[in-house]
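J.: the sequence and its predicted three-dimensional model are supplied below.
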Amino acid sequence: MFCNYDYEEEYALIQKHPEMGVNILKSIELLDDILPIIMYHHERYIGNGYPDMISGDSIPSFSRIISVADIYDAMTSNRPYREKFLHEVTVEEMLRNKQIQFDGRIVDAFLKIEKSLNNDSK
């Protein structure tokens, strides 16, 4: 049987999750300062992310940090629909998307810290 699955509709729904997270947390006054971080963690450095297509340093710095940590975790974790990626593949993808999806300074800092932590654990 043919599956009439609408990926665009699902992606549009996925793109609402930052706003949904903010709406859930906005009544907690203590969290007011982190709401922009949550809202903009899927913006792309070149400006074609979501929800507002902001770019570069217009994206809150903590959102840019979370986006790098988030992609590393997402790619190196098993998902119901795929196996985790190797560390090397994940790093390659992060480097390929420096200054496109991610702030290159943050990617470099993340990889430096990650390498240091791995060297310390050996």
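T.: Okay, I see it. Numbering: from 1, shown residues only.

J.: alpha carbons only for contacts and neighbour counts from here, please
T.: OK.

J.: so what's the residue positioned nearest the centre of the chain up against?
T.: In the chain, the residue lying closest to the centroid (C-alpha atoms, centre = their mean) is residue 67, at 2.9 Å. By C-alpha atoms under 8 Å, 6 or more residues apart in numbering, residue 67 lies in contact with 41, 42, 102.

J.: can you report phi and psi for residue 82?
T.: Main-chain dihedrals, residue 82, degrees, to the nearest 10: phi -170, psi 160.

J.: who does it form a beta bridge with?
T.: Per DSSP bridges, the residues bridged to residue 82 are residue 79.

J.: count of neighbours near it?
T.: Number of residues near residue 82 (other C-alpha atoms under 10 Å) recorded here: 9.

J.: thinking again about what came up before, is the residue nearest to the centre of the chain within a helix or a strand, and which one?
T.: Per DSSP states H and E: residue 67 is located in helix 61-75.

J.: chain center to stretch 95-104: distance?
T.: Chain-centre distance of stretch 95-104: 11 Å, with C-alpha atoms, centre = their mean, to the nearest Å.

J.: can you give me the buried ones in it?
T.: 95, 97, 98, 99, 100, 101, 102, 103, 104 (16 or more other C-alpha atoms under 10 Å).

J.: repeat that for stretch 106-120.
T.: 106, 107, 110.

J.: OK, contacts around the first one?
T.: This points to residue 106. Per C-alpha under 8 Å, 6+ apart, neighbours of residue 106: 64, 65, 68.
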